[in-house]
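Colleague: Dropping the sequence and predicted coords here.
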Amino acid sequence: MDTKHLDKIAINVHARRILLSILKENPVLEKILRSSANETEAMEAIKEWVRPMLKKNPAAEAFYKKKDHSHELFQQLNWEDFAAIRLLDYIEHAGEAYPDQNIHGEMAVTNPIKMMWLATNFGIGGAKPDFFHDMLRLFRQLNGKLKPEIPQRAEIEKWMKRYPAGTDKNIAELRRQNRDRIIKILIEKIDNGEITTGRYKFDPNLSPKEKKEQMLEWWNESRFHLKFAVRSPGLLNEMLDYSLDPDTMDILYEAEKKGIPFFVNPYYLSLLNVQTPGFAVGGDLAIRCYIVYSKQLVEEFGLIEAWEKEDKVQPGKPNAAGWLLPSSHNIHRRYPEVAIFVPDTVGRACGGLCASCQRMYEFQNGHYNFNLKNLKPEKSWSERMPNLLDYFKDDAQLRDILITGGDALMSSDKSLKNILDEVYNMALRKKEENKQRPDREKYAEIVRIRIGTRLPVYIPQRITPELVDILADFKHKAAEIGIKQFVIQTHFESPMEVTPEAKKAVEMLLSAGWSVTNQLVFTAPASRRGHSAKLRKVLNDIGVLTYYTFTVKGFKENSANFTPNARAVQEELEEKYIGQLPQDEMETLRTLTHDAEKLTENIDALRQKHAIPFLATDRNIMNLPGVGKSLTFRTIGITRYGRRILEFDHDRTRNHSPIIDDMGKVIVIESKSISEYLRQLYDMGEKTKEYEGVYGYSLGETEPRMPMYEYPEYDFEISDELTHLELEV
């Protein structure tokens, strides 16, 4: 449908009523719109009206004119500055069209003043109520009627109390009941032959009580949970005591038809409430949205594309960041200093499938799956692995390897030890070869090893003494050759996932000398007021440091879970701030992870010293569909459906491929309007009045990275050379 046709569509009654409120509250705007002969004249008049407002704050004028660009400058902007800059950006970008991947590349046009002018004078323009809701708040922000209300700490802590933690005694009792229900069902299925397995079977003479005792022993084994993972909607509903509603089941059956994998292990399933008591109402929503697929995901499966363009690799050609890679599946790279290593082991699978998984397109094309036997490494893998790791050895800037998947800890102990041994050998060879290079020509040596895993959350039983010994032994010998940072990077989504079992798993990982950091995906349920703050607190309680809070990636397939970036900025400025440490503690933070065994104790000491509930060590960011991570954006447009169009810049506080200078800004069209998001929160039982200010956050600036996440310095000067890089001339 072309834009000219849409311009002639009448606005509906709801939209007209909101428009009348806008005009009544803003007589200057009404006069401009009614007296202008066309939209161009209206835009010029609005510019003349708004520009003087920016001059009241030199920081705002500099920010708008892009003379300066920093987090410090961003913090000097006031509420009216946000509105004035957005209006001027709307006018500057009026009439521009962008491919909207939420609708498979159809062009989305932004021209809000034109839509306002058409609606005011002719009752047409095709704009929907959500567009007018957003414009109503924009002009209220400009005229001072909508004020930012930064909540006091007491209010934030009140919100935090809404969410129980998995370590709470009453929640632990609920999970025990869930476990016993699941065990009972599994016993019946083994007894009647519905489930058969060579390892998990009962002696014919066992009594029902003895069978349960046997099951409770098996429950402590990670392979039990993999073996008995739910792989169908019908069994999922049965395990949840038939608590899923008919509409949900219809979606799940359709998902099954389309080939979307199901893989929910018994332990993680026991974290979901079936009959929810008052103290736990809504507590498991952030978990549930990871297990229960959305209608949009089902519709899009088969059409999903990789969100990060650099993940699209053709043999022999550089990726979107310009990096040449030896394998399209085993190595991913965005930045000069770090690359992802995905081994060809069972690590290509996970302990469960998250509905908003960033690699859903890999499940779609069959490269990732849950046929665990088929994912065991082939004989050729042991020969290929050293050659692949030579990519890290022979690169001038790579110093950080992230071993992930899938899930790195899905690999067996033997496979993981082999991987770590080869990483050690590669790091040692790189160090030895560096001795032959003169200063300023030396290559960066490996200083950081990370393992990406969600198993401390999905199947904490995977963290065994044997695994801890492997990690501890590797750390001991790797530290001797100069590797300084050892990190388990995990993904807790909800305080309800922080269970006694997860706590024990984290304690064991810390005892191996590896720090544990968390990456939260800011889904709609996870974005509720106080939810992320509570998660930070309970993670700190068990010795986990927060690392990233990610905006949900993807297009229409993840729209049900998507939270607008404005809410990520609001959460940063209105909730996370109570965990900030003073600048004079930055050096303390730099060494915080040096002694992982005492990390919990050291976190507690900092919290007590400054009387704060958590350490705000994570950055709220988005993984760009260009290169890298950033929350530096401006809202430059809005569709007639109220979906905002954001212009992102790259995070200039860290090194990037030089391609970003040619790439320029990155456009992201959000998959839902803020009004739609608030309706979703209302359906979750939230008071949307508490979120009213979210409309005003139309700008973002990437937070500085915490000192303990910086790379350690070398005692020599490394080369400026960028190897494995090919840029088009």
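Modeller: Yep, it's here. In this text the structure is predicted, and so the values were computed from the model without any measurement.

Colleague: For the closest residue to Glu92 other than its chain neighbours, which three-state class applies?
Modeller: Closest residue to Glu92 apart from its sequence neighbours, by Cβ to Cβ, 6 or more residues apart in numbering: Ile636 at 7.4 Å. C-beta here means a position set from N, CA and C on the backbone, and glycine is covered the same way. Classification of Ile636 by DSSP: H, G, I helix; E, B strand; the rest coil places it in strand.

Colleague: give me the element Thr517 is part of.
Modeller: strand 515-521 (DSSP states H and E).

Colleague: again but with Ala84, I slipped
Modeller: Counting by DSSP H and E, Ala84 is found in helix 79-92.

Colleague: got a list of contacts for the helix or strand following that helix?
Modeller: Per DSSP H and E, the first helix or strand lying C-terminal to helix 79-92 is strand 97-100. Residues outside strand 97-100 that contact it (Cβ atoms under 8 Å, 6 or more residues apart in numbering): 105-110, 637, 639, 645, 667, 669.

Colleague: what about the stretch 1-150 of the chain, any weak spots by pLDDT?
Modeller: Within the stretch 1-150 of the chain, the ranges that satisfy pLDDT under 70 run 1-3, 68.

Colleague: now the helices: where do they sit in it?
Modeller: For the stretch 1-150 of the chain, the helices defined by DSSP state H, counting those that start in this stretch cover 3-7, 13-25, 27-35, 39-54, 58-64, 71-74, 79-92, 112-122, 129-143.

Colleague: buried residues in the last one?
Modeller: By neighbour count with 16 or more other Cβ atoms under 10 Å, helix 129-143 contains the buried residues 129-142.

Colleague: Flag the shaky bits of the protein, pLDDT-wise.
Modeller: Using pLDDT under 70, the chain drops low at 1-3, 68, 729.

Colleague: so who does Glu686 touch?
Modeller: Contacts of Glu686 by Cβ under 8 Å, 6+ apart are 528-529.

Colleague: give me the element the closest residue in space to Lys665 that isn't next to it in sequence is part of.
Modeller: Counting by Cβ to Cβ, 6+ apart, Lys665 lies nearest to Glu647, which is 4.9 Å off, once chain neighbours are set aside. Using DSSP H and E, Glu647 maps to strand 644-649.

Colleague: What strands flank that strand, and is each parallel or antiparallel?
Modeller: The pairing partners recorded for strand 644-649 under DSSP bridges are strand 632-638 (antiparallel), strand 666-669 (antiparallel).

Colleague: Quick one: those as TSV, columns for distance to Tyr714 and mean neighbour count too.
Modeller: Output for those, formatted as TSV (distance: least, Cβ to Cβ, whole Å; neighbours: other Cβ atoms under 10 Å):
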stretch	distance to Tyr714	mean neighbour count
strand 632-638	29	25
strand 666-669	32	20
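
Colleague: Nearest to Val13, out of the ones you listed?
Modeller: strand 632-638 (21.2 Å; Cβ to Cβ).

Colleague: Only C-alpha atoms, please: export the closest one in CSV.
Modeller: This file holds the C-alpha atoms of strand 632-638, laid out as CSV (Å, rounded to 0.1, in the frame of the first residue of the first chain):
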residue,chain,number,x,y,z
THR,A,632,23.5,5.7,21.9
PHE,A,633,20.5,6.6,19.8
ARG,A,634,18.1,9.4,18.8
THR,A,635,14.4,8.9,17.9
ILE,A,636,14.4,10.4,14.4
GLY,A,637,11.0,9.2,13.3
ILE,A,638,7.8,7.4,14.1
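
Colleague: now that strand, how far from the centre of its chain.
Modeller: 20 Å (Cα atoms, centre = their mean, to the nearest Å).

Colleague: now swap in stretch 42-50 and tell me
Modeller: Distance, centroid of stretch 42-50 to centroid of chain: 38 Å (Cα atoms, centre = their mean).

Colleague: And that stretch, what's buried?
Modeller: Neighbour-count burial for stretch 42-50 [16+ other Cβ under 10 Å]: 42-43, 45-46, 49-50.

Colleague: repeat for stretch 683-698
Modeller: In stretch 683-698, counting by 16+ other Cβ under 10 Å, buried: 686, 690-698.

Colleague: what's the first-to-last distance across that stretch?
Modeller: Its first and final residues considered, stretch 683-698 spans 25 Å by Cα to Cα, to the nearest Å.

Colleague: and if you look at stretch 360-376?
Modeller: End to end - Cα to Cα - stretch 360-376 spans 21 Å.

Colleague: List the contacts of it.
Modeller: Stretch 360-376 has contacts (Cβ under 8 Å, 6+ apart) with 226, 229, 231, 260-261, 263, 297, 301-302, 304-306, 329, 345-346, 348-349, 353, 357, 359, 405-406, 554, 557.

Colleague: got the buried residues for it?
Modeller: 360-364, 368-370, 372, 375.

Colleague: which residue sits closest to Ser559 in space, ignoring its chain neighbours?
Modeller: Counting by Cβ to Cβ, 6+ apart, the residue nearest Ser559 is Ser671, at 3.9 Å.

Colleague: Actually, Glu721.
Modeller: Per Cβ to Cβ, 6+ apart, closest to Glu721 is Ala396, 4.4 Å.

Colleague: what's around that neighbour, how many residues?
Modeller: Look at Ala396: counted by other Cβ atoms under 10 Å, it has 19 neighbours.

Colleague: What's the separation between the residue nearest to Gln461 when sequence neighbours are not counted and Asp413?
Modeller: Nearest non-adjacent residue to Gln461, counting by Cβ to Cβ, 6+ apart: Ser222, 4.4 Å away. Remark: distance between Ser222 and Asp413 (Cβ to Cβ, to the nearest Å) = 11 Å.

Colleague: One more: Gln436?
Modeller: For Gln436, the distance to Asp413 - Cβ to Cβ - is 36 Å.

Colleague: same deal with Ile103?
Modeller: Ile103 is 47 Å from Asp413, where distance means Cβ to Cβ.

Colleague: First-to-last residue distance for stretch 562-581?
Modeller: First residue to last in stretch 562-581 (Cα to Cα) measures 30 Å.

Colleague: shift numbering so it begins at 668
Modeller: Shifting the count to begin at 668 puts that one at stretch 1229-1248.
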